[in-house]
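Peer 1: Need the 3D shape of this:
(2 chains)
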Amino acid sequence: MPSPDEIKQRIEAAIPGAQAEVEDYAGGGDHFRATVTAEAFAGRSRIEQHRLVYEIFGKEIGGPIHALSLKTQTPQKTPTQ
Amino acid sequence: MPTSEPSTIRDLPMSAGQPSTVGEAPMPSGEPNPIHEALTQAISEHKVILFMKGTPEAPACGFSARTVAALQALDVPFAAVDILPDPRIRQELSAISNWPTIPQLFANGELVGGCDIVTEMYESGELSEALQ
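Peer 2: As a prediction, the model looks like this:
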């Protein structure tokens, strides 16, 4: 069972320059919420931004990670519109 | 392959055979895949279609419920498919969309997003435009 910290580290390791905040919002160890800020998101659609993060976890999403709620943004501004 | 595979969107949720274990190996490629075909057909035939857990009347997951609520708040007509009756529906859907989670909202044949994106777009006012 991944911890919020492990998820944070994996996101930050996989996406250069990314900063992630991860919380286990249900307290059950399998429903996570992450806010990820990365320059790598610039110029990408929301779908592409979320895919970049989901791809890090592959089949773990829907498995040990039941839910990973995402908010993605680039460093300069508030969440991508 | 059973001969009673679903061929229409209406059949999809009803076609619950023996649910197999989630996460089983996908079907071999190259063979006709009725679920895959039914899904791509449903996506192309419905202007707005939501793949969800449960039904709009009785969502089986908070994320699906929130997505339905956004669509209903905009008063947008949409088709809904319950992915729960057969794990292969979800498997094939994710293969088509390259998106791992449920719900998944499609409009005009394109993936709009899951619960997070749909909610963000609803709050920013972009959703109704995306569903035109």
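Peer 1: So which residues of chain A form strands?
Peer 2: For chain A, applying DSSP state E gives strands covering A:19-24, A:31-37, A:67-73.
Peer 1: Name the SS class of the one residue sitting closest to the centre of chain B, please.
Peer 2: Nearest residue to the geometric centre of chain B (C-alpha atoms, centre = their mean): residue B:51, 2.0 Å. Three-state assignment for residue B:51 (DSSP: H, G, I helix; E, B strand; the rest coil): strand.
Peer 1: How about it: which residues does it bridge to?
Peer 2: Beta-bridge partners recorded for residue B:51 (DSSP bridges): residue B:81, residue B:104.
Peer 1: quick one: it and residue B:83 touch, right?
Peer 2: Yes. At 5.4 Å, residue B:51 counts as touching residue B:83 under the criterion of C-beta atoms under 8 Å. Every residue, glycine included, has its C-beta placed from N, CA and C.
Peer 1: Ignoring the adjacent residues along the chain, who's closest to the residue in chain A that chain B sits nearest to?
Peer 2: Residue nearest to chain B within chain A: residue A:61 (4.2 Å; C-beta to the nearest C-beta). Distances taken as C-beta to C-beta, 6 or more residues apart in numbering or on different chains place residue B:100 nearest to residue A:61, at 4.2 Å, with adjacent residues excluded.
Peer 1: hey, what's the residue of chain A closest to chain B bridged with?
Peer 2: residue A:65.
Peer 1: if I pick residue A:36, what's in contact with it?
Peer 2: Taking C-beta atoms under 8 Å, 6 or more residues apart in numbering or on different chains, we find residue A:36 in contact with A:11, A:15, A:18-20, A:49, A:53, A:70-73.
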